[in-house]
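1. Fold the stuff below for me.
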Amino acid sequence: QLQLVESGGGLVQPGGSLRLSCAASRFTLLDYYDIGWFRQAPGKEREGVSCINNSGGTTNYADSVKGRFTISRDKAKNTVYLQMNSLKPEDAGIYYCAAVQSVPRMCVLEGYDYWGQGTQVTVSP
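-> Purely as a prediction, here's the structure:
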């Protein structure tokens, strides 16, 4: 069973930055999985933010975060990151990372099988 752990959330002012991390359980390599980041604000449905395929060669972003967020993976550290810049109040919510076994195609923001517990991001003056 793949277990994912998010970290890096916190309180930041509008315009600020945060870097979220998604790490796998100790004996599981993320090399075989596409990884996605999702978020859920209070009273709203969960939405896909970004994903990266298993090789790191392709990425995908929601229109609302293009140009501000960057997803990357460090295979040596078995970790996927979400760098979030120019944060806005509407970016606030619980951020989850998720994994699905890779197939030969661009990653998509749906159909993930394994989920972390989430990390809170608050954007406020």
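2. For stretch 102-116, which outside residues touch it?
-> By Cβ atoms under 8 Å, 6 or more residues apart in numbering, the residues outside stretch 102-116 that reach it are 1-6, 22, 32-36, 38, 48-54, 58-60, 62, 96-101. The C-beta positions use only the backbone N, C-alpha and C, and glycine is treated the same way.
3. ok, of these, which come out buried?
-> Neighbour counting with 16 or more other Cβ atoms under 10 Å marks 2, 4, 6, 22, 33-36, 38, 48-54, 59-60, 62, 96-100 as buried within the contacts of stretch 102-116.
4. In strands, which of the contacts of stretch 102-116 appear?
-> Among the contacts of stretch 102-116, DSSP state E puts 4-6, 22, 33-36, 38, 48-52, 59-60, 96-101 in strands.
5. Counting neighbours, which bits of stretch 82-102 end up buried?
-> The neighbour-count check on stretch 82-102 (16+ other Cβ under 10 Å) flags 82, 84, 87, 91-100, 102 as buried.
6. Need the worst-confidence member of these.
-> Taking the buried residues of stretch 82-102 together, the minimum pLDDT is found at residue 102 (89).
7. So what sits opposite residue 5 in the bridge?
-> Going by DSSP bridges, residue 5 is paired in beta bridges with residue 23.
8. Likewise for residue 95?
-> Listed by DSSP bridges, the beta-bridge partners for residue 95 are residue 39, residue 119.
9. And it, how close does it get to residue 57?
-> Relative to residue 57, residue 95 is positioned 23 Å away (criterion: Cβ to Cβ, to the nearest Å).
10. contacting residues around stretch 73-90?
-> Stretch 73-90 has contacts (Cβ under 8 Å, 6+ apart) with 12, 14-24, 28-31, 35, 37, 41, 49-50, 52, 56, 64-65, 68-72, 91, 95, 97, 121, 123-124.
11. quick one: pLDDT of the most centrally placed residue in the chain?
-> Closest to where the C-alpha atoms of the chain average out (Cα atoms, centre = their mean) is residue 37, at 2.6 Å. Looking at residue 37, its pLDDT is 98.
12. any idea how far residue 86 lies from residue 13?
-> Distance, residue 86 to residue 13, using Cβ to Cβ: 11 Å.
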